[in-house]
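J.: Need the 3D shape of this:
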Amino acid sequence: MRIGIISDIHGILPKSAAEALVGCDAILCAGDIIGESTLESLEAIAPTVAIRGNVDDNHRTYQELPTRAEGELGGVRYFMAHKPKDAKTVPAGTRLVVFGHTHKRLDEERDGVRYVNPGAIRRVHEECGPGLAILTIENRGIEGLEFVNLRA
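T.: Here you go, the predicted structure:
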């Protein structure tokens, strides 16, 4: 199972991001969406779980989104929040934590939990440029994570 992980889009989904997500079985979007049709664009690619980021608070399209989400994909329990500080306490059994906000990529395992920040699509951190992540789940476990660099 391929899971696209995206955050901090800050507008319309670029073609390069949409192309990178093709073939994903699901998408986790960790907020700061803003663009009017961005969520529909993600849903057209794969079923999408999206949360509201801090800049989405005043955007009428995204005000109703939750600030956190949890669920299961391919037998792996996940938890998602926009800000890292909101992802410090996670439900029991969580094996994947997704967040955004910092615009810095992160792939780190702590106490059996994988923490992933895919970076940002726009307003990127100077260390990594625009990008997203693709997570692979097989046999109810996380098998790999790839950061995808996008054209600016």
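J.: how about the nearest residue to I6, chain neighbours excluded?
T.: In space, and not counting its chain neighbours, I6 is closest to L132: 4.5 Å by C-beta to C-beta, 6 or more residues apart in numbering. Just so you know, the C-beta spots here come from the backbone N, C-alpha and C atoms, and that holds for glycine as well.
J.: any idea which element that neighbour lies in?
T.: Assigned by DSSP states H and E, L132 falls within strand 131-138.
J.: distance of S7 from S37?
T.: Using C-beta to C-beta, to the nearest Å, S7 is found at 18 Å from S37.
J.: Repeat that for G4.
T.: For G4, the distance to S37 (C-beta to C-beta) stands at 17 Å.
J.: who's more crowded, the two?
T.: Comparing G4 with S37 by other C-beta atoms under 10 Å, the one with more neighbours is G4, at 26 against 11.
J.: Mind listing the residues bridging to that one?
T.: Taking DSSP bridges as the rule, G4 bridges to I27, I134.
J.: repeat for I34
T.: Where I34 sits in a bridge, its partners, by DSSP bridges, are G11.
J.: Just list the residues touching it, thanks.
T.: Contacts here follow C-beta atoms under 8 Å, 6 or more residues apart in numbering; on that basis I34 touches 9-11, 55-56, 59, 62.
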